[in-house]
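Asker: A structural model of the following input is requested.
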Amino acid sequence: MSAHTEHAEDVLQPTTFTTPGNIRALALGLLVIGGALFAYGLSSEAWRAWSAGLIAAYFFLSIALGASVIVAIMHVTKAGWGVVLRRVPEAIMTYLPVALVTMAAVTGLGMQSLYEWSHPDIVAEDHLLRHKAVLLNPTGFLTRLVIIIGVWSLLTYFIRKRSIAQDTDGDEKHTQRNLLFSVIYIIFMGLTLTLGALDWLMSLEPHWFSTMFGVYQFAGAHVAGMAMIVLFTIALMKGGFLPHVNENHLHDLGKWMFGLSTFWAYIWIGQFLLIWYANIPEETGYFIIRQDTGWAAIWIINLLINWTIPFFVLLPRPNKRNPKILVAMAILILCGHWLDVYLQVMPATSHFAAEMGTLTSGHGPYFGLTEIGATAAVAGLFLLTVTTMLGKASLLPSKDPYLIESLHHHQ
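Answerer: Okay, here's the model as predicted:
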């Protein structure tokens, strides 16, 4: 690391961020108004409100998870180019403890509206559910949720703490320890995300299974996390808070977003083709539901906005260096990721509601004030958390040993 030991603190001052009053007001407004709409949805159609709550809670959890993976990858690969903007994903990943609370609240309080295995009478009449009851039971479900997201939160807390501590003492041991923490985190996250995805999403349809489901969730979270990093980075650039981020850094963010979108599509089509070719009833039912009636159009749109449009728009080099295009594609990808989570949750829970006799609005896609309210409320929590944490440390890691390399990054 000797080539990187020169520090820039003598010429660069720490950059501080204070949440603008209008942003804080927006976050609180989303939280209050969204919460009220969600409460109204609970009083009118509980299964739908809890479904919307799960979509929103998991959507923002996956964004924070994706950002944390990107931070860990930067440390493991010793990626110098991203140092000047690393505080952005570090702030986004601090949402993980809040995500633990939202996920526990939604899945705990709404369990019987979401998961058929939580009904003892249904389990008693279903041989497969009785067999899976060792894993799929309320106590085990909530215990695993707390442990999995709790450890994610703890490891990312240590990574960010070391990064910020280096601003004070400039000790390179923080860089080495973050490399170790990041390796541990990536391994643990890779193993537990599969288990978490099985619990939180796949068990909505407990008779269905896919061996690619865990990596599919990783792909979606990864690209969504990068899209959110792009939005915050460019917003902070426009506000003058990241003066050292230039089009070369944006180019790398654009390449990463472009590549991850294609990776998501690769896993999407891989899962679909494997199930389609095998033609096993226990597997194909998942896609049959989502290609039926009104769900079919959304199923196609999902692929278009998550991959097709971003692929062709971000393919040219100039577009990956254009802030306006990057912002547009980041917003599109985030909308696509929300739709992807929606397609994993709503068809399953609506069919369960029909079986339970609580479906009052008929089969088909559902989108209205309930879905808007749930997403808005959690979005308010997310925005409030991330903007607050951005102000807790300098936006420039002024004593990071790779800062000079990042400042002179060019391609």
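Asker: secondary structure element for Leu334?
Answerer: Using DSSP states H and E, Leu334 maps to helix 323-356.
Asker: again, but for Ala99
Answerer: Per DSSP H and E: helix 96-109 holds Ala99.
Asker: got a list of contacts for that helix?
Answerer: Residues from elsewhere that reach helix 96-109, judged by C-beta atoms under 8 Å, 6 or more residues apart in numbering: 50, 53-54, 56-58, 60-61, 64-65, 68, 114-115, 141-142, 145-146, 149-150, 152-153, 156, 200, 378, 381-382, 385. The way it works is simple: take the backbone N, C-alpha and C, and place the C-beta from them, glycine included.
Asker: the helix or strand just after that helix: which residues count as buried?
Answerer: Remark: after helix 96-109, the chain's next helix or strand is helix 111-114, criterion DSSP H and E. Within helix 111-114, the residues that qualify as buried by neighbour count (16 or more other C-beta atoms under 10 Å) are Met111, Ser113, Leu114.
Asker: what's helix 111-114 in contact with?
Answerer: So helix 111-114 is contacted by 46-47, 50-51, 54, 107, 118-119, 138, 141, 204, 349, 352-353, 358 (C-beta under 8 Å, 6+ apart).
Asker: now do 7 Å
Answerer: Outside helix 111-114, the residues that touch it by C-beta atoms under 7 Å, 6 or more residues apart in numbering are Ala46, Trp47, Trp50, Ser51, Leu54, Thr107, Ser118, His119, Pro138, Leu204, Thr349.
Asker: and stretch 287-304, by the same measure?
Answerer: Trp268, Phe272, Ile275, Gly336, Leu339, Asp340, Leu343, Pro347, His351, His363, Gly364, Pro365.
Asker: any idea which element the closest residue to the second one other than its chain neighbours lies in?
Answerer: In other words, Phe272. Among residues not flanking Phe272 along the chain, Phe287 sits closest, at 6.7 Å (C-beta to C-beta, 6 or more residues apart in numbering). Element membership for Phe287, per DSSP H and E: helix 281-290.
Asker: just the C-alphas of that helix, formatted as CSV.
Answerer: Presented in CSV, the C-alpha positions along helix 281-290 are these (Å, rounded to 0.1, in the frame of the first residue of the first chain):
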residue,chain,number,x,y,z
PRO,A,281,-46.2,-28.8,-11.8
GLU,A,282,-44.9,-27.8,-8.4
GLU,A,283,-42.6,-25.3,-10.1
THR,A,284,-44.5,-24.1,-13.2
GLY,A,285,-47.5,-22.9,-11.1
TYR,A,286,-45.5,-19.9,-10.0
PHE,A,287,-45.2,-18.6,-13.5
ILE,A,288,-48.7,-19.7,-14.6
ILE,A,289,-50.2,-17.4,-12.0
ARG,A,290,-48.1,-14.5,-13.1
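Asker: Glu283 against Trp276, yeah?
Answerer: No. Using C-beta atoms under 7 Å, Glu283 is not in contact with Trp276; the gap is 9.0 Å.
Asker: mind checking which of the two has more residues around it?
Answerer: Comparing Glu283 with Trp276 by other C-beta atoms under 10 Å, the one with more neighbours is Glu283, at 19 against 12.
Asker: now the more buried one: how far from Leu61?
Answerer: From Glu283 over to Leu61 the distance is 26 Å, taken as C-beta to C-beta, to the nearest Å.
Asker: picking up where we left off before, now find how far off-centre the helix holding Phe287 is within its chain.
Answerer: Mean C-alpha position of helix 281-290 versus that of the full chain (C-alpha atoms, centre = their mean, to the nearest Å) differs by 25 Å.
Asker: one more: stretch 45-52?
Answerer: 21 Å.
Asker: ditto for stretch 330-346
Answerer: On C-alpha atoms, centre = their mean, the centre of stretch 330-346 falls 10 Å from that of its chain.
Asker: dump the contacts of stretch 287-304 into a markdown table; add distance to Ile33, pLDDT and neighbour count as well.
Answerer: Putting these into a markdown table (distance: C-beta to C-beta, whole Å; pLDDT from 0 to 100; neighbours: other C-beta atoms under 10 Å) gives the following:
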| residue | distance to Ile33 | pLDDT | neighbour count |
| --- | --- | --- | --- |
| Trp268 | 34 | 96 | 19 |
| Phe272 | 38 | 94 | 15 |
| Ile275 | 40 | 92 | 21 |
| Gly336 | 25 | 98 | 25 |
| Leu339 | 22 | 97 | 18 |
| Asp340 | 25 | 98 | 26 |
| Leu343 | 26 | 96 | 19 |
| Pro347 | 27 | 94 | 25 |
| His351 | 30 | 91 | 17 |
| His363 | 29 | 69 | 16 |
| Gly364 | 27 | 76 | 13 |
| Pro365 | 23 | 89 | 15 |
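Asker: still on that earlier bit, what's the neighbour count on the residue nearest to Phe272?
Answerer: Around Phe287 there are 15 residues (other C-beta under 10 Å).
Asker: quick check, pLDDT for it.
Answerer: Looking at Phe287, its pLDDT reads 91.
Asker: buried ones in the helix or strand bottoming out on mean pLDDT in the chain?
Answerer: The least trusted helix or strand in the chain, going by mean pLDDT, DSSP states H and E, turns out to be helix 281-290, with a mean of 88. Neighbour-count burial for helix 281-290, with 16+ other C-beta under 10 Å as criterion, is recorded at Glu283, Tyr286, Ile289, Arg290.
Asker: do stretch 71-78 as well
Answerer: For stretch 71-78, by 16+ other C-beta under 10 Å, it's Val71, Ala72, Ile73, Met74, His75, Val76.
Asker: quick check: closest non-adjacent residue to the fifth one.
Answerer: Take His75 and drop its neighbours on the chain: the residue closest to it by C-beta to C-beta, 6+ apart is Ser182, 4.0 Å away.
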